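Visitor: Need the 3D shape of this:
(one chain, ligands or ions: 1)
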Amino acid sequence: MKTAEIAGGGIGGLAIATLLARDGWSVRVHERSAEIREIGAGIYIKNNSIEVLEQLGVFDGLIPYGTQLDYAQIQFADGSVKQRRALTGLSRVHVFPRQVLIEALRDAALAAGVDVRTRSTVESATPDGGLKLTDGSHYRADLIVAADDGVSSAVRGSLPMRSGFRLLPTIIDRFLIESREFTREPRTVEHWSGNRRIGVTPSGPQHTYVYMVAPQADTAACKLPLDVADWSARFPLLAPLFQVLAQAESTQYNYGVVDCEKWSMGRVAILGDAAHGLPPTLGQGAGLTLINAYALAHFLRHSNSIESALREWETRVRFISDRTQSWSCRYDWFTRQWPTQLDFARPLVAWSFGRLRFLNDRMRVADRGLRLAGISLDEAHA
Ligand SMILES: Cc1cc2nc3c(=O)[nH]c(=O)nc-3n(C[C@H](O)[C@H](O)[C@H](O)COP(=O)(O)OP(=O)(O)OC[C@H]3O[C@@H](n4cnc5c(N)ncnc54)[C@H](O)[C@@H]3O)c2cc1C
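Guide: Next up is the predicted model:
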């Protein structure tokens with residue numbers, strides 16, 4: 001029986017663990033936290049994520065806990081709508097509280113027979129299939145998967161390859177509030193005022209997910225708890241929402257980008273944010289992670305050796321992540337750096353990204369999932 005040791009019990013680690021276990025591998029997941037949990041608030045689950053979650057057999061069970069969105073809208077602070085996109089077909093989107101998603105993935109992994117170990121922190125790996133934990137214990141396996149953190153993947157950092165993490169000067173605050181008062185319709189609205197953005201979206205029958213984005217140099221915007229007066233001056237129509245957010249828990253995060261020269265070395269595969277961490281401007285980090293996990297299991301199933309499977313995996317699917325990472329950075333640049341003197345042109349650019357199909361298709365290339373790489377998702381694993 002083939003064996004796999006997986007570093008990280010997040011979305012990527014649990015997904016690949018389940019897929020491999022269902023293919024007959026003996027799989028162990030090492031998660032450094034005391035329990036399997038997600039930090040953050042809500043999560044947009046797009047078509048590519050949904051296709052893999054369906055294969056994992058967890059999507060139908062998730063549906064009641066989330067909201068399927070009808071359309072996405074960009075709206076200026078005066079209430080004028082600048083872009084509206086229908087979210088149907090390959091653009092379909094559901095929004096969930098993050099914890100619901102990770103628990104579904106954990107349960108799928110356990111049901112597939114994965115050994116999920118918490119309080120188990122990985123220190124390093126070697127290309128020949130060795131894994132070392134911080135408590136000094138060593139493991140050996142046919143395959144090691146590093147799905148252990150975008151910012152500072154211990155496994156990635158221990159391998160002799162060029163890789164790193166760059167912080168971008170953009171801050172995002174995220175909130176999950178127990179109310180649908182501000183999100184009665186199944187739509188996501190991104191409100192823009194200068195270089196600040198606020199996303200407000202329903203996230204299941206009882207919750208609303210809110211993210212607030214601003215340049216790091218905008219010190220008033222980066223204050224927590226929220227500076228209600230300052231935000232209300234910029235977005236007067238959202239003043240009642242800010243009153244609620246000021247009382248709510250939030251997480252603050254700096255946008256960042258992972259540069260990873262290679263996605264594998266010997267018997268070690270690098271998966272998820274550890275391989276392609278990107279700004280969350282397109283809501284695609286988990287989507288890329290899930291399609292890459294699915295593709296990894298696919299190539300391991302069809303190749304003669306682990307090393308050749310890992311090479312083919314990167315050759316065939318990496319371009320989707322690379323393009324999405326570039327577009328996510330462009331979107332961040334456009335919304336953060338756009339010069340105030342050119343504010344008059346901003347609505348036109350926002351409009352053209354919504355209406356011009358070739359631009360939209362390029363930016364949202366990942367929505368189309370693994371069909372872009374010629375991989376079909378009909379190898380049922382449920
Ligand atoms: C602000 C923000 C908003 C986002 N919104 C969206 C969205 O709407 N839609 C979307 O698709 N994506 C979104 N993403 C991206 C998405 O969250 C990530 O791409 C996804 O979580 C990556 O999964 P992962 O398994 O690679 O990493 P993670 O989910 O980060 O999991 C890594 C796991 O490894 C554990 N770990 C770390 N180091 C070690 C170690 N040394 N040993 C053992 N365990 C370790 C961690 O505790 C964690 O549980 C967003 C990201 C951010 C930051």
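
Visitor: Report how many residues lie close to residue 20.
Guide: Using other CB atoms under 10 Å, the number of residues around residue 20 comes to 26. (C-beta placed from N, C-alpha, C; glycine too.)

Visitor: Phi and psi next, for it.
Guide: phi -70, psi -40 (degrees, to the nearest 10).

Visitor: Kindly confirm whether my reading is correct that it touches residue 297.
Guide: Yes - at 6.0 Å, residue 20 and residue 297 qualify as touching, with contact defined as CB atoms under 8 Å.

Visitor: So which residues on the stretch 201-350 of the chain come close to the ligand?
Guide: 253, 272, 273, 274, 280, 283, 284, 285, 286, 287, 289 (CB under 6 Å from any ligand atom).

Visitor: Return the entry from those with the maximum number of neighbours.
Guide: residue 274 leads these on contacts (other CB under 10 Å) with 32 neighbours.

Visitor: Contacts only, for the residue nearest to that one when sequence neighbours are not counted.
Guide: Distances taken as CB to CB, 6 or more residues apart in numbering put residue 153 closest to residue 274, at 3.7 Å, once the chain neighbours are dropped. Listed by CB atoms under 8 Å, 6 or more residues apart in numbering, the contact set of residue 153 reads 7, 146, 163, 270, 273, 274.

Visitor: Check residue 335 too.
Guide: Here residue 335 is in contact with 192, 195, 197, 213, 281 (CB under 8 Å, 6+ apart).

Visitor: same thing but at 10 Å, please
Guide: Residues in contact with residue 335 (CB atoms under 10 Å, 6 or more residues apart in numbering) are 170, 190, 192, 194-197, 213-215, 279, 281, 346, 350.

Visitor: Could you dump these into CSV with neighbour count and distance to residue 51 added?
Guide: Converted to CSV, the contacts of residue 335 look like this (neighbours: other CB atoms under 10 Å; distance: CB to CB, whole Å):
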residue, neighbour count, distance to residue 51
170, 25, 30
190, 19, 25
192, 21, 31
194, 17, 37
195, 20, 34
196, 21, 34
197, 20, 28
213, 24, 28
214, 24, 33
215, 19, 35
279, 25, 23
281, 23, 22
346, 18, 34
350, 19, 28
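
Visitor: Keep only those of those residues that are in strands.
Guide: Among the contacts of residue 335, the members found in strands (DSSP state E) are 170, 190, 192, 196, 197, 213, 214, 215.

Visitor: And the residues you listed, which is closest to residue 86?
Guide: Minimum distance to residue 86 across the ones in strands among the contacts of residue 335 is 15.5 Å, recorded for residue 190 (CB to CB).

Visitor: Could you point out the bridge partners of that closest one in the sheet?
Guide: residue 74, residue 199 (DSSP bridges).

Visitor: isn't it right next to residue 198, touching?
Guide: Yes - between residue 190 and residue 198 there is a contact at 7.1 Å, judged by CB atoms under 10 Å.

Visitor: Quickly list what's touching both of those two.
Guide: With CB under 10 Å, 6+ apart as the test, residue 190 and residue 198 both reach 75, 211, 213.

Visitor: Just name the closest of those residues to the ligand, please.
Guide: Taking CB to the nearest ligand atom as the measure, the ligand sits nearest to residue 211 out of those, at 6.6 Å.

Visitor: So which helix or strand of the chain has the lowest pLDDT on average?
Guide: helix 346-355 (a mean of 73; mean pLDDT, DSSP states H and E).

Visitor: residues of the helix or strand just after that helix that come out buried?
Guide: Tracing the chain C-terminally past helix 346-355 and defining elements by DSSP states H and E, one meets helix 357-363 next. Using 16 or more other CB atoms under 10 Å as the test for burial, helix 357-363 gives 360, 363.

Visitor: Break down the stretch 151-300 of the chain into its strands, ranges please.
Guide: Assigned strands in the stretch 151-300 of the chain, in chain order: 163-177, 187-193, 196-202, 208-215, 251-260, 264-265, 268-270 (criterion: DSSP state E, counting those that start in this stretch).

Visitor: could those strands be laid out in a markdown table, adding mean pLDDT?
Guide: Output for the strands of the stretch 151-300 of the chain, formatted as a markdown table (pLDDT from 0 to 100):
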| stretch | mean pLDDT |
| --- | --- |
| strand 163-177 | 96 |
| strand 187-193 | 96 |
| strand 196-202 | 97 |
| strand 208-215 | 98 |
| strand 251-260 | 96 |
| strand 264-265 | 97 |
| strand 268-270 | 98 |
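
Visitor: which residues does residue 76 contact?
Guide: With CB under 10 Å, 6+ apart, residue 76 has these contacts: 82, 191, 192, 193, 194, 235, 237, 346, 347, 350.

Visitor: closest to residue 47 among those?
Guide: residue 350 (22.3 Å).

Visitor: Do you know the pLDDT at the closest residue to that closest one other than its chain neighbours?
Guide: Closest residue to residue 350 apart from its sequence neighbours, by CB to CB, 6+ apart: residue 82 at 4.5 Å. Looking at residue 82, its pLDDT stands at 89.
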